[in-house]
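Asker: Dropping the sequence and predicted coords here.
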Amino acid sequence: MTQEQLIKGCRKNDRTAQSELFKQYKDTLYFVSLKYSRNAVEAEDNLHDAFMVIFDSIKKFENRGSFEGWMKRITMFKAIDRYKKNKYTPVDILEKTQAAEETVEKEELETISLDTLLQCVQELPDQYRLVFNLYQLDGYSHKEVARILNISEGTSKSNFHRAKVVLQKSITALTHQKISKHGA
């Protein structure tokens, strides 16, 4: 089925079209969900919820812009809504950054797999992770991040900086751990 046929079928609640749409986009949308979730189980729950919204609101898709982009946006906002709904403890914005930033050498980054980097991002505190993903990975401005997460622009910038510091420490630690294992 073409994308146009899938959309038409889903608008008619055709189960075959819905199943095919799911098969075609589940991996792409799962990765989006995984970026914004703390773990795979949370990502799967979010993916399920996102597809429910996609199927319910596909009639509103007006063929403006990318259909895949529209679904990615729904998936991303579903994960953010889950964060807001569960009211995870926000990161204290008055907390001072303890250590000076450690720089990650280019060679260190080249030795880290995408899975390991994703794991490091998932281990960030919720607000750091959301700000990092929205700003760094999805290209939103700090003003837009602030609006999406209902925080100030300064908090967005602060949380992004702190996320980078934590990620750098995690990557450096993993790199040194990897070197120690190979050197032993």
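Answerer: Looks like it came in fine. Model, not experiment: these values are computed from the prediction.

Asker: Can you name the next helix or strand after the lowest-mean-pLDDT helix or strand in the chain?
Answerer: The weakest-scoring helix or strand in the chain, judged by mean pLDDT, DSSP states H and E, is helix 106-110 (a mean of 48). With elements assigned by DSSP states H and E, the helix or strand that comes after helix 106-110 is helix 114-122.

Asker: any idea of the mean pLDDT in that next one?
Answerer: Helix 114-122 shows a mean pLDDT of 84.

Asker: try stretch 155-172
Answerer: On average, stretch 155-172 scores 92.

Asker: how about it as CSV, C-alpha atoms only?
Answerer: Presented in CSV, the C-alpha positions along stretch 155-172 are these (Å, rounded to 0.1, in the frame of the first residue of the first chain):
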residue,chain,number,x,y,z
THR,A,155,16.1,26.9,33.1
SER,A,156,16.2,25.3,29.7
LYS,A,157,19.7,26.6,29.1
SER,A,158,20.8,25.6,32.6
ASN,A,159,19.4,22.1,32.3
PHE,A,160,21.0,21.7,28.9
HIS,A,161,24.4,22.7,30.2
ARG,A,162,24.0,20.3,33.2
ALA,A,163,22.9,17.5,30.8
LYS,A,164,26.1,18.0,28.8
VAL,A,165,28.3,17.9,31.9
VAL,A,166,26.6,14.7,33.1
LEU,A,167,26.9,13.1,29.7
GLN,A,168,30.5,14.0,29.4
LYS,A,169,31.3,12.4,32.7
SER,A,170,29.3,9.3,31.8
ILE,A,171,31.0,9.0,28.4
THR,A,172,34.5,9.6,29.9
